[in-house]
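1. dropping a prediction and its sequence here:
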Amino acid sequence: MKNVLRLFAFILLLGFASCTDEGIPPVVNLTSPTDNQTVVAGQVFQVKGTISDDKGLKTIRLSSNLGINETITSFDSATKHELNYNITTDANTPANTYDFEVIATDDQQLISSKKVRIKITN
């Protein structure tokens with residue numbers, strides 16, 4: 001009976017040892033720009049939203065094939081940041097549809113993103 005209890009305890013410990021805290025990726029809530037928003041070349045569009053994480057934010061990257069590639073490393077708090085930026089498009093940007101993405105990485109290297117399309121008109 002003792003051997004059975006020892007075997008059960010060993011199996012139970014193995015189960016606990018194999019459990020890992022994989023963490024929860026950041027949450028990206030982008031309220032502006034909206035998907036398929038139209039912007040006139042040379043005009044401003046707003047980037048608004050909230051990025052949060054249960055453990056801590058490491059970086060937030062704003063990226064677009066419009067030539068935008070900004071990395072944010074200073075936040076409102078360790079676990080939350082309010083996006084509130086104005087981006088001016090180049091007046092010579094060809095009329096087309098472009099991708100805009102917000103990519104958040106947390107302290108555990110977990111990544112989340114939100115991508116929208118922006119329509120540039122002339």
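-> Good, I have the coordinates.
2. which residues touch the closest residue to residue 37 other than its chain neighbours?
-> Closest residue in space to residue 37, ignoring its immediate chain neighbours: residue 118 at 5.6 Å, by CB to CB, 6 or more residues apart in numbering. Using the backbone N, CA and C atoms, a C-beta is placed for each residue, glycine as well. Under the criterion of CB atoms under 8 Å, 6 or more residues apart in numbering, the neighbours of residue 118 are 33, 36, 37, 38, 39, 45, 64, 66, 97, 98, 99, 100.
3. pairing partners for the helix or strand harbouring residue 118, with directions?
-> Secondary structure from DSSP states H and E places residue 118 in strand 111-121. Sheet neighbours of strand 111-121, with direction, are listed as strand 37-40 (parallel), strand 96-106 (antiparallel) (DSSP bridges).
4. relative to residue 122, which of those is closest?
-> With CB to CB as the measure, strand 37-40 is the member of the strands paired with strand 111-121 nearest residue 122 (7.3 Å).
5. contacts for the closest one?
-> 33, 45, 89, 116, 118, 119, 120, 121, 122.
6. so for that strand, mean pLDDT?
-> With pLDDT averaged residue by residue, strand 37-40 scores 97.
7. residues of it that come out buried?
-> Of the residues in strand 37-40, those buried by neighbour count under the rule 16 or more other CB atoms under 10 Å are residue 39.
8. that strand: how far from the chain's middle?
-> Its chain's C-alpha centre lies 23 Å from the corresponding centre of strand 37-40 when counted by CA atoms, centre = their mean, to the nearest Å.
9. pull the CA atoms of that strand into PDB?
-> Extracted as PDB, the C-alpha positions of strand 37-40 are listed here (Å, rounded to 0.1, in the frame of the first residue of the first chain):
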ATOM      1  CA  GLN A  37     -11.100  54.400 -42.800                       C
ATOM      2  CA  THR A  38     -10.600  56.900 -45.600                       C
ATOM      3  CA  VAL A  39      -7.900  59.500 -45.200                       C
ATOM      4  CA  VAL A  40      -7.000  62.300 -47.800                       C
END
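10. strand 96-106 and the helix or strand that it is followed by, what's the angle between them?
-> Towards the C-terminus, the helix or strand next in line after strand 37-40, according to DSSP H and E, is strand 44-52. Orientation note: strand 44-52 sits at an angle of 30 degrees relative to strand 96-106 (axes from the mean of the first three to the mean of the last three CA atoms, to 10 degrees).
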